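J.: Coordinates for the following, if possible.
(one chain, ligands or ions: 1)
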Amino acid sequence: MRYFGLRNSVNVLTFKFRNHDKEHYECPICGYRGPFLDKVTYNGIRKHARCPNCSALERHRLQFLVLQEVLGKKETAHLRMLHVAPEAFFRDFFSQRFDQYETADLKMKGADHIVDLQHLPFSDNTYDFVFASHVLEHIPDDRKAISEIRRILRPNGMAVLPVPIYSEKTVEFSEPDPNEFGHVRAPGLDYFDRYQPYFSKVERFDSGSQPEKYQVFVYQEDCRPSKTENLALTSMPCRKLTDVVPVCYV
Ligand SMILES: [Zn+2]
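T.: Have a look, this model is predicted:
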């Protein structure tokens, strides 16, 4: 398991906030260079979050850089891919790389497959690559979903399954939290341990391993107390938070 400098402490996870207002960034997804837009959230403003050209956020830029690294030198054209909860700005990248590119979602119009990840309607060994970002925090029986993703993967298959990171330890909610996008848990850095029983190897790539020009950090400026008791754990001082992209190998 590689951590790329990520250490198991919330304190060292964070960095002093610096004023980047006059700085320009680069979007690795669309190639845009210039200032990024702030994002207004329900409890504050996230600085330099959105690419004004393709709308990608911090996490998407990090994911894209990691995808380029792990898929970069692989010959993937003959492989079959399932893109869960498909983000528009990743479709070109994936469909150019995988001749057999399919999308899936619980309810998204236009997806190739309408599926519940806890009960996938696919045979064992169907796909070579599964990408599902910010999905598992919505799923009550997430371990069943992880085992289902593993079940449909072929030998030598790979899954990239990022979730939002709130703290060091994962907190399970008693019910979906309407103030937090209906999430049923706030994943912590320990969340990716849940993948390990199902995969031979889980690599973790963190935002600290990427160049600053891509602005892959989340600047946590929403320092006011959260609207929900579930997320009291995130009411930390203003800081720059690390994100993690886990890459799981069959
Ligand atoms: Zn962009």
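J.: Mind listing residues that contact stretch 191-201?
T.: Contacting residues not belonging to stretch 191-201 are listed as 1, 142-143, 146-147, 149-150, 159, 161, 163, 165, 170, 202, 204, 244, 246, 248-250 [Cβ atoms under 8 Å, 6 or more residues apart in numbering]. To be clear about C-beta, it is placed using only N, CA and C from the backbone, and glycine gets the same treatment.
J.: Okay, buried residues for it please.
T.: Along stretch 191-201, these residues count as buried under the neighbour rule (16 or more other Cβ atoms under 10 Å): Tyr191, Phe192, Arg194, Tyr195, Tyr198, Phe199.
J.: With adjacent residues omitted, what lies nearest to Arg143?
T.: Arg194 (6.3 Å; Cβ to Cβ, 6 or more residues apart in numbering).
J.: A strand includes the one you found, no?
T.: No: read with DSSP: H, G, I helix; E, B strand; the rest coil, Arg194 is helix and lies in no strand.
J.: Just the pLDDT at it, thanks.
T.: Per-residue confidence at Arg194 stands at 98 (pLDDT).
J.: same thing with Thr242?
T.: pLDDT at Thr242 comes out at 80.
J.: Quick check: it touching Ser209?
T.: No: Thr242 lies out of contact with Ser209 (Cβ atoms under 8 Å); the separation is 9.7 Å.
J.: Comparing the two, which residue is more hemmed in?
T.: Higher neighbour count among Thr242 and Ser209: Thr242, with 23 against 20, using other Cβ atoms under 10 Å.
J.: and the more buried one, backbone torsions?
T.: Geometry field for Thr242 lists phi and psi as phi -80, psi 150, criterion degrees, to the nearest 10.
J.: Can you name the residues that contact the residue sitting nearest the centre point of the chain?
T.: Computing the C-alpha centroid of the chain and ranking residues by Cα atoms, centre = their mean puts Pro162 first, at 3.2 Å. If you count contacts by Cβ under 8 Å, 6+ apart, Pro162 has them with Arg59, Gln63, Ser133, His134, Asp243, Val244, Val245, Pro246.
J.: now swap in Val244 and tell me
T.: Val244 touches Leu6, Pro162, Ile165, Leu189, Phe192, Arg204, Phe205, Asp206, Ser207, counting by Cβ under 8 Å, 6+ apart.
J.: For the first one, report the pLDDT, please.
T.: The confidence metric pLDDT takes the value 35 at Leu6.
J.: what about dumping the CA coordinates of the longest helix seen in the chain to CSV?
T.: Longest helix in the chain by number of residues (criterion: DSSP state H): helix 58-71. Extracted in CSV, the C-alpha atoms of helix 58-71 (Å, rounded to 0.1, in the frame of the first residue of the first chain):
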residue,chain,number,x,y,z
GLU,A,58,-10.7,19.6,-7.0
ARG,A,59,-11.5,15.9,-6.6
HIS,A,60,-12.0,15.4,-10.4
ARG,A,61,-8.6,16.9,-11.2
LEU,A,62,-7.0,14.6,-8.6
GLN,A,63,-8.8,11.6,-10.0
PHE,A,64,-7.9,12.5,-13.5
LEU,A,65,-4.2,12.8,-12.7
VAL,A,66,-4.3,9.4,-10.9
LEU,A,67,-6.2,7.8,-13.8
GLN,A,68,-3.6,9.1,-16.2
GLU,A,69,-0.9,7.6,-14.0
VAL,A,70,-2.4,4.1,-13.5
LEU,A,71,-3.9,3.8,-17.0
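J.: For the next helix-or-strand element following that helix, give the mean pLDDT please.
T.: Next helix or strand after helix 58-71 toward the C-terminus (DSSP states H and E): strand 80-84. Averaged over strand 80-84, pLDDT sits at 98.
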